[in-house]
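# quick one: sequence plus predicted model below, questions after.
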Amino acid sequence: QVQLVGSGGGLVQPGGSLRLSCAASGTAANIYETGWYRQAPGKQRSLVARIFRDGGTKYEDSVKGRFTISRDHAKNIAYLQINSSRPEDTAVYYCNVRPSRFSAQNYWGQGTQVTVSS
């Protein structure tokens, strides 16, 4: 079992920055994949960015160049740095981990609200 606690959300003005954190505990060593998803009101949850055990990353097109996903393996914390924020980035952000490459088992954090508004 893996427990995830997301934090760092809040209100930010357009163009501002925010850093989200996702702390993993339990049997969380050497996690294969960590992802950040978001869900805006009335929309489906969608993938924003993900990072793999080898450090490889992938981003959804609208956040490329603005968001950065990273992971501190020693602390078992994943981050999502949000820069140049836009109103359309407003959503609840969720972290997700898939511990093993060979299993579809995955776990969700509780979500943290990001609101981009002046």
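Received it, and whenever you're ready, just let me know what you need. Computed from a prediction, not measured in an experiment: that's the story for all the values here.

# helix, strand or coil for residue 94?
In three-state terms, and counting by DSSP: H, G, I helix; E, B strand; the rest coil, residue 94 is strand.

# oh sorry, the question was meant for residue 22
strand.

# distance of it from residue 43?
In this view, residue 22 and residue 43 are 21 Å apart by Cβ to Cβ, to the nearest Å. Where you see a C-beta, it was placed from the backbone N, CA and C, and this is true even at glycine.

# okay, and the beta partners of the residue most central in space within the chain?
When Cα atoms, centre = their mean is applied to the chain, the residue found nearest the centroid is residue 36 (2.6 Å). Beta bridges link residue 36 to residue 49, residue 95, judged by DSSP bridges.

# any idea how far residue 51 is from it?
According to Cβ to Cβ, residue 36 and residue 51 sit 9 Å apart.

# which residues do those two both contact?
Residues touching both residue 36 and residue 51 (Cβ atoms under 8 Å, 6 or more residues apart in numbering) are 69, 78.

# any idea what residue 91 is bridged to?
Beta-bridge partners of residue 91, counted by DSSP bridges, are residue 114.

# tell me the contacts of it?
Counting by Cβ under 8 Å, 6+ apart, residue 91 touches 38-40, 43, 113-114.

# again, only using 7 Å
Contact partners of residue 91, counting by Cβ atoms under 7 Å, 6 or more residues apart in numbering, are 38-40, 114.

# and these, which two are the farthest apart?
39 and 114 (10.9 Å; Cβ to Cβ).

# which one of those two is surrounded by more residues?
With neighbours defined as other Cβ atoms under 10 Å, residue 39 and residue 114 compare such that residue 114 has more, 21 against 14.

# that one and residue 89 touch, don't they?
Yes. Counting by Cβ atoms under 7 Å, residue 114 does reach residue 89; the two are 6.4 Å apart.

# isn't there a strand covering residue 104?
No. Counting by three-state DSSP, residue 104 is located in no strand; its state is coil.

# hmm, back to that, between the contacts of residue 91, which is nearest residue 101?
Nearest to residue 101 out of the contacts of residue 91 is residue 38 (Cβ to Cβ; 24.3 Å).
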